[in-house]
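Enquirer: Got a predicted structure plus its sequence, pasted below:
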Amino acid sequence: MQDDKQPVQTNFIRKIIESDLDNNPNFPEIITRFPPEPNGYLHIGHAKSICLNFGLAKEFGGLCNLRFDDTNPEKENTEYVESIKQDVKWLGYDWEDRLYFASDYFQKLYDFAVELIKHDKAYVDGLSGEEIHEYRGTLTEPGKNSPWRNREIQENLDLFERMRNGEFDEGSYVLRAKIDMRSPNINMRDPVLYRIRKAAHHRTGDKWKIYPMYDYAHCLSDALEYITHSVCTLEFEDHRALYDWIIDNLQTPSRPYQYEFARLNLDYTVLSKRKLISLVNEGFVNGWDDPRMPTISGFRRRGFTSSSIRKFCEVIGVTKNDTRIDPVVIETVLRDELGETTQRRMAVLDPLKVVIENYPDTTEQLEAMNHPQKPEMGTRKIPFSKTVYIEKDDFMEDAPKKFFRLSPGREVRLKYAYLITCTDVIKNDQGEIIELRCNYDPDSRGGNSPDGRKVKGTIHWVAEDGAVEAEVRLFDRMFTSAMPDKEEDWRADFNDDSKQINNTSLLEPSLKTADKAERFQFERLGYFCADSVDHSSESPVFNRIVTLRDTWAKVSKAR
RNA sequence: UGGGGUGUAGCCAAGUGGCCUAAGGCACCGGGUUUUGAUCCCGGCAUUCCCAGGUUCGAAUCCUGGCACCCCAGCCA
């Protein structure tokens, strides 16, 4: 990574690490981990965690592992594993040879459980799921002990082994920690450690009939990997007591500690895996990488850079506050970067024919800068001819004085070409404007005003000669309300106009050779990216990543 | 009503008893430059830190008491 050298804002986790290091000269190498469950695609919320964990490790000269928390075979599969690896890599992070799976630890975890049983810290319960729920008590009432809580150690050992051997049906037995059924923290009321599942696991197949629960597997996996700082989201705060209990009651190779930060909430979208899955399965979007999706693969397909996502994660900060971020924040970060790095091109999305009556029947080549502030990015030739196309929006028959684009009798600059004045408006039988007639000033080649006269408007255009027809996909926010997930029927707020396919676009000839995933700024329109899947030079397909900031649109809407 | 958290501008967020009559970013509002109504530049934007008391020469920072919001009762993670 060559970017990310902006001054970093500190956060409380960074400070905890600094103080750990300051207070203990023998503090081990900092090791963090990113621990997704492979049960879906990664989204922008995961990016925050990835940047935090890998970023912290890098900053303190330590390591960050990629660990799949694959303890629930029914929800997980290798497609998800592969997509997650691809996404983390794309974000610019490297776990080197430290790719781990909780399922790699199943035997060790089993041995630890036997230890707990031997120390009378765990027991096999025969209560049904429903009974366990009843015995647990409520938020305000204590639970009560299971009748099996005082089973003999030897019997527990025997039963647990037989659970593993597949002798019992799912749901008939569980292994529970023996802690305190009256604890005000519900997680400490004899939590289930192991359950019987006869499903095939994506990595261990049908070898195991019992699977560890998250709370049990996670802390021990951390300890086995010598994780120093186990960073997770706020909803696990209540689980920390259990995390510590398990580690403290076993002889583990290391002593990790858990810290929690607030997860990301983005307005106008949803970030829960369940909802994202249903958007895909119910056909609201065209898959996990639909450019409207807040998934990493969606952002990538849309044309976002990984550095903009990293920068975004830095900018929003890490705290314990419940926050919602407006999507304009990530768009601003992206624009800042693309404005610097991207070459300019001309394209007309909604063309209006313009015939320049006093221009000869020839085609000439004009020179255009690839970046207005960076001459070192070079120039290119664009053809100009008697017939050109401009944006329909750039013409108004009865224009207010603040409208300084084209209108009858007014003069504008065709960028890099000539000054033109509209002389006539041609309409069809329905009264729609279908063509404009203009005159040009032959002395204004390149767009310069020969006598220094003020020309307020400069518009983009594409000449008929050499124009490339393209499909351009325009995207908008996926939901019409900022917090769709607050409503019970969140699907009702899905933005049906979130995707528009435009087949009328005309591009300047140089865009014919654009590569898949190549990004440009289309002058005055925004940043666009050749679609990484559907684009080809025979049938170009561009996605609009984000518009330019548009003060005029804001002003005209306000009136 | 039990437990765990959080409250600094429209949105994020520094700040941990005196260089704070509270950084920075986004948004917003002016003004300038401009062959993108873009970019860039300049200026504005919390006498106040959830509220109320208290301690102190001095409080966003300490104490007490409220209030609001978030999370937890899966054999999910």
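Expert: Sure, I can see it. Predicted, not measured: the structure shown is a model, and the values here were computed from it.

Enquirer: element containing residue A:217, please.
Expert: Using DSSP states H and E, residue A:217 sits in helix A:214-224.

Enquirer: For that helix, name the packing helices and strands.
Expert: If you count contacts as 3 or more Cβ pairs under 8 Å, 6 or more residues apart in numbering; DSSP states H and E, helix A:214-224 packs onto helix A:106-118, strand A:192-196, strand A:229-233, helix A:240-248. Any C-beta I mention is one placed from the backbone N, CA and C, and that applies to glycine too.

Enquirer: Give me the contact list for the helix or strand following the longest one.
Expert: Scanning forward in sequence from helix A:106-118 by DSSP H and E, the next helix or strand is strand A:122-125. Strand A:122-125 is contacted from outside by A:113, A:116-117, A:132, A:146, A:148-151, A:155-156, A:159-160, A:163, A:173-178, A:190, A:192-193, using Cβ atoms under 8 Å, 6 or more residues apart in numbering.

Enquirer: Report the closest residue of the stretch 251-400 of chain A relative to RNA strand B.
Expert: RNA strand B sits closest to residue A:317 of the stretch 251-400 of chain A, with a gap of 2.9 Å, by Cβ to the nearest atom of the strand.

Enquirer: what sits against that residue?
Expert: Neighbour list for residue A:317: A:9, A:11 [criterion: Cβ under 8 Å, 6+ apart].

Enquirer: Could you measure from it over to residue A:55?
Expert: When Cβ to Cβ, to the nearest Å is the yardstick, residue A:317 and residue A:55 sit 13 Å from each other.

Enquirer: what separates residue A:549 from residue A:103, distance-wise?
Expert: 48 Å.

Enquirer: neighbour-wise, which of the two wins?
Expert: Higher neighbour count among residue A:549 and residue A:103: residue A:103, with 23 against 13, using other Cβ atoms under 10 Å.

Enquirer: Could you report the neighbour count for residue A:50?
Expert: The number of residues packed near residue A:50 is 25, by other Cβ under 10 Å.

Enquirer: Would you mind confirming that it makes contact with residue A:33?
Expert: No: using Cβ atoms under 8 Å, residue A:50 is not in contact with residue A:33, being 10.6 Å away.

Enquirer: buried stuff in the helix ranked longest in chain A?
Expert: Among the segments of chain A that qualify as a helix by DSSP state H, the longest is helix A:44-59. Neighbour counts over helix A:44-59 (16 or more other Cβ atoms under 10 Å) mark A:44-58 as buried.

Enquirer: do stretch A:129-146 as well
Expert: A:132, A:135, A:136, A:137, A:143, A:146.

Enquirer: Also stretch A:444-456?
Expert: Within stretch A:444-456, the residues that count as buried by 16+ other Cβ under 10 Å are A:444, A:445, A:447, A:455.

Enquirer: Helix, strand, or coil at the second one?
Expert: Read that as residue A:445. Following DSSP: H, G, I helix; E, B strand; the rest coil, the label given to residue A:445 is helix.

Enquirer: Now do the contacts for the closest residue to it other than its chain neighbours.
Expert: Closest residue to residue A:445 apart from its sequence neighbours, by Cβ to Cβ, 6 or more residues apart in numbering: residue A:418 at 6.3 Å. For residue A:418, the contacting residues are A:356, A:384, A:440, A:441, A:442, A:444, A:445, A:447, by Cβ under 8 Å, 6+ apart.

Enquirer: so who does the fifth one touch?
Expert: So that's residue A:442. With contacts defined as Cβ under 8 Å, 6+ apart, residue A:442 is in contact with A:358, A:418.

Enquirer: mind running it again at 6 Å?
Expert: Counting by Cβ atoms under 6 Å, 6 or more residues apart in numbering, residue A:442 makes contact with nothing.

Enquirer: Backbone dihedrals for it, both of them.
Expert: Per-residue torsions, residue A:442: phi -60, psi -20 (degrees, to the nearest 10).

Enquirer: measure it to residue A:359 for me?
Expert: Residue A:442 sits 8 Å away from residue A:359 when distances are taken as Cβ to Cβ.

Enquirer: Over to residue A:403?
Expert: Counting by Cβ to Cβ, the gap from residue A:403 to residue A:359 is 25 Å.

Enquirer: Can I get stretch A:523-542 as CSV, trimmed to CA atoms?
Expert: The C-alpha trace of stretch A:523-542 is given here as CSV (Å, rounded to 0.1, in the frame of the first residue of the first chain):
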residue,chain,number,x,y,z
GLU,A,523,-16.4,15.8,-17.6
ARG,A,524,-19.2,17.4,-15.6
LEU,A,525,-21.0,14.1,-14.9
GLY,A,526,-19.0,12.2,-12.4
TYR,A,527,-16.6,9.2,-12.0
PHE,A,528,-17.2,6.1,-14.1
CYS,A,529,-15.7,2.7,-14.2
ALA,A,530,-15.8,0.2,-17.0
ASP,A,531,-17.8,-2.8,-15.6
SER,A,532,-15.4,-5.5,-14.5
VAL,A,533,-17.7,-8.2,-15.9
ASP,A,534,-19.9,-7.0,-18.7
HIS,A,535,-17.6,-4.4,-20.4
SER,A,536,-15.9,-5.0,-23.7
SER,A,537,-14.7,-2.8,-26.4
GLU,A,538,-17.4,-4.1,-28.8
SER,A,539,-20.1,-3.3,-26.3
PRO,A,540,-18.9,-0.9,-23.6
VAL,A,541,-20.6,-0.9,-20.3
PHE,A,542,-19.8,1.8,-17.7
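
Enquirer: Show me which residues of the stretch 151-300 of chain A sit near RNA strand B.
Expert: Residues of the stretch 151-300 of chain A found near RNA strand B (Cβ under 7 Å from any atom of the strand) are A:170-172, A:174, A:184-187, A:191-192, A:195-197, A:211, A:213-215, A:218, A:234-239, A:262.

Enquirer: Just the buried subset of those, written out for ChimeraX, thanks.
Expert: Filtering these down to the buried ones (16+ other Cβ under 10 Å) takes a single ChimeraX command:
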select /A:174,187,191,192,195,196,197,211,213,215,218,236,239,262
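
Enquirer: now the helix holding residue A:217, how far from the chain's geometric center?
Expert: 27 Å (Cα atoms, centre = their mean, to the nearest Å).

Enquirer: Which residues belonging to it are considered buried?
Expert: Of the residues in helix A:214-224, A:215, A:216, A:217, A:218, A:219, A:220, A:221, A:222, A:223, A:224 count as buried by neighbour count, 16+ other Cβ under 10 Å.

Enquirer: With stretch A:171-183 instead?
Expert: Burial within stretch A:171-183, assessed by neighbour count using 16+ other Cβ under 10 Å, is assigned to A:173, A:174, A:175, A:176, A:177, A:178, A:179, A:181, A:183.

Enquirer: Of the contacts of residue A:418, which ones also sit close to RNA strand B?
Expert: residue A:447.

Enquirer: Out of the contacts of residue A:418, flag the one nearest to RNA strand B.
Expert: Checking the contacts of residue A:418 against RNA strand B with Cβ to the nearest atom of the strand, the nearest one is residue A:447 at 2.4 Å.

Enquirer: Verify the stated contact: that closest one with residue A:413.
Expert: Yes: counting by Cβ atoms under 6 Å, residue A:413 is a contact partner of residue A:447 at 4.9 Å.
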